[in-house]
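A.B. asks: Sharing a model prediction with you, sequence too.
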Amino acid sequence: MYHIIFLQETWLAKQTLDKLTDISDNHFACGTAEVNHTKGITSGRPYGGTAILWNKKLNAKIFMNQDQSITGLEVCLDSSSLNFINVYMPYCCDSNYHEYTNYLSKISTLCDEMDSPNILIVGDFNACPNNNFGVLLSQYCLEHELKISDKINLPVDSFTYVSDTHGTCGWLDHVVASKSAHDSIQNIEILHQFILSDHRPVAATIKTAAIPQNLLCGNKTQHEKNMNWNKATQQQKLKYQQAGKIWLSKIPLFEELTSYDNPTCKKQKHIDMLEIFNTNIVEALKRAASEVLTNSPKQKHNVPGWNKDVREKHKAARQAYLFWIDNHTPKSGPIFDIMKESTKEFKYALNACRKSQQKCKADAMAEALRNRSPKKFWQSIRKSKKS
């Protein structure tokens, strides 16, 4: 499992962003959406949106931008910090040129506002090396002393996008890094084994020990999940006491305060020390509670009917796609035809499963209404929101 996951074009509406928290029990999640159902009937499918999932053990905090296509995450390490900017850039065409340059300006502004020089800009740039936006991105990186790390580390014929219809390929997704962040990257790879989307995930491994120290980085921990003590068992409470003692013992004491005996002191220096000490106590107890109360059993979020109707088609489509890659991605012929047809059959079966799932939910709600059972009706509504 990856520590941080960046998503683009989630197709979620503002009213359905809570679905992000269902993806992983081990990650916090935050996202943006361009679609708002309260503004009336939405025609067509949802569009746009970005999201970030980060491991709950990370000392990290999200930072937002007014634009729905950009989200950021700051990860504080022991003596440095690492800033991530997740982007979903406009599609490459002449009419989007000025919009694209505007997005690059927004990214520059975000970078300038950061205390740390360790910056990674990741996501769907819609910029192939050989198209207009690819040239624009290269010029931008040169001017701002940034590196396109995936282009440096991967073969020149790499690609992250495959058109299921035409079989055409493109290198649209990138990892752009400042020099210090680029030097900390150990490995970058394109995960061709995942074929659910027409974009293939890009994975990077970062050696945090290689990141230069940043004295401006704080050491506060972020715990955004509320702790429900009403459901805690006696064993969990005992574990919390033990974990609390360990975390509290790590808090440094201000020697100046331990020997000070003036309860009415108004010195700002001492007030600041007390605030820091209080914050450390609260964060230590949150750490302890997080260790005890968030290790609940993982819930599986499977598509009903996958094993019966979709599993074999997914396996066949994946094998055909990997075989197509091994044969240098031909644009016609039997290998291309098999890849294209198997992908189409897999996606058709998957969509059929999802439609069947929605129909079953709608039937359950209708049955509850017919039987005048408001309790069952609202239970089915709640289940519908969770799935």
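C.D. replies: In hand now; what should we look at? Residues are numbered from 1 along each chain as shown.

A.B. asks: tell me how far the ends of stretch 171-180 are from each other?
C.D. replies: Using CA to CA, to the nearest Å, the end-to-end distance of stretch 171-180 comes out at 24 Å.

A.B. asks: For that stretch, buried residues please.
C.D. replies: 171-178, 180 (16 or more other CB atoms under 10 Å). All C-beta atoms are positioned from the backbone trio N, CA, C, and that covers glycine.

A.B. asks: Out of the residues you listed, which two are the most distant from each other?
C.D. replies: Greatest spatial distance among those (CB to CB): Leu172 and Ser180, at 25.7 Å.

A.B. asks: any chance of the buried residues of stretch 171-180 in TSV, with secondary structure and pLDDT too?
C.D. replies: Putting the buried residues of stretch 171-180 into TSV (DSSP: H, G, I helix; E, B strand; the rest coil; pLDDT from 0 to 100) gives the following:
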residue	secondary structure	pLDDT
Trp171	coil	96
Leu172	coil	96
Asp173	strand	97
His174	strand	97
Val175	strand	97
Val176	strand	97
Ala177	strand	96
Ser178	strand	93
Ser180	helix	90
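
A.B. asks: Tell me which residues are up against the host helix or strand of Ile62.
C.D. replies: According to DSSP states H and E, Ile62 maps onto strand 60-64. Strand 60-64 is contacted from outside by 28, 30, 32, 52, 54, 71-76, 222, using CB atoms under 8 Å, 6 or more residues apart in numbering.

A.B. asks: partner strands of that strand, parallel or antiparallel?
C.D. replies: strand 70-76 (antiparallel) (DSSP bridges).

A.B. asks: So for the partner strand, mean pLDDT?
C.D. replies: Averaged across strand 70-76, pLDDT comes to 89.

A.B. asks: Which helix or strand lies directly C-terminal to it?
C.D. replies: That would be, after strand 70-76 and using DSSP H and E, strand 81-88.

A.B. asks: quick check, distance from that following strand to the centre of its chain.
C.D. replies: 10 Å (CA atoms, centre = their mean, to the nearest Å).

A.B. asks: Give me the helices and strands touching that strand, please.
C.D. replies: Packing partners of strand 81-88 (3 or more CB pairs under 8 Å, 6 or more residues apart in numbering; DSSP states H and E): strand 4-8, strand 50-55, strand 70-76, helix 97-113, strand 119-124.

A.B. asks: Residues touching it, excluding its own?
C.D. replies: 4, 6-9, 48-52, 69-75, 103, 107, 110-111, 114-116, 118-125, 181, 206, 208, 211, 214, 216-217.

A.B. asks: Ok, stretch 322-340 next?
C.D. replies: With contact meaning CB under 8 Å, 6+ apart, stretch 322-340 is reached by 159, 164-169, 192-193, 317, 320-321.

A.B. asks: how far does it sit from the chain's center?
C.D. replies: 31 Å.

A.B. asks: how about it: buried residues?
C.D. replies: 324-325, 329, 335-336, 338-340.

A.B. asks: Same list, those residues, but as TSV with pLDDT please.
C.D. replies: Shown next, in TSV, are the buried residues of stretch 322-340 (pLDDT from 0 to 100):
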residue	pLDDT
Trp324	85
Ile325	84
Thr329	84
Ile335	89
Phe336	88
Ile338	90
Met339	88
Lys340	88
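
A.B. asks: Could you point out which of those residues is nearest to Pro201?
C.D. replies: Ile325 (14.7 Å).

A.B. asks: Ramachandran angles for the closest one?
C.D. replies: phi -70, psi -40 (degrees, to the nearest 10).

A.B. asks: Which strand residues bridge the residue nearest the centre of the chain?
C.D. replies: Using CA atoms, centre = their mean, the residue of the chain that lies closest to the mean C-alpha position is Ile52, 2.4 Å off. The bridge-partner assignment for Ile52, based on DSSP bridges, gives Phe6, Cys30.

A.B. asks: ok, now which ones touch it?
C.D. replies: 4-7, 29-31, 62, 71-73, 84, 86.

A.B. asks: from the residues you listed, which single one is nearest Arg354?
C.D. replies: Comparing the contacts of Ile52 against Arg354 with CB to CB picks out Leu7 as the nearest, at 18.5 Å.

A.B. asks: what residues go with each domain of this structure?
C.D. replies: 4-210, 233-291, 306-386 (automatic domain parsing).

A.B. asks: Pull up the distance across the shortest one, start to finish.
C.D. replies: Yep, that's domain 233-291 we're talking about. Start-to-end, domain 233-291 (CA to CA) is 14 Å.

A.B. asks: repeat for the first one
C.D. replies: Distances were taken as CA to CA; on that basis the terminal residues of domain 4-210 are 18 Å apart.

A.B. asks: sorry, back to before: tell me the most buried of the domains of the chain?
C.D. replies: domain 4-210 (a mean of 17; mean count of other CB atoms under 10 Å).

A.B. asks: Can you flag which of the buried residues of stretch 322-340 belong to helices?
C.D. replies: 324-325, 335-336, 338-340 (DSSP state H).

A.B. asks: Output those in JSON lines, with distance to Ala284 appended to each entry.
C.D. replies: JSON lines is the format used below for these (distance: CB to CB, whole Å):
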{"residue": "Trp324", "distance to Ala284": "53"}
{"residue": "Ile325", "distance to Ala284": "49"}
{"residue": "Ile335", "distance to Ala284": "58"}
{"residue": "Phe336", "distance to Ala284": "58"}
{"residue": "Ile338", "distance to Ala284": "58"}
{"residue": "Met339", "distance to Ala284": "54"}
{"residue": "Lys340", "distance to Ala284": "56"}
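
A.B. asks: With that, I have no additional questions.
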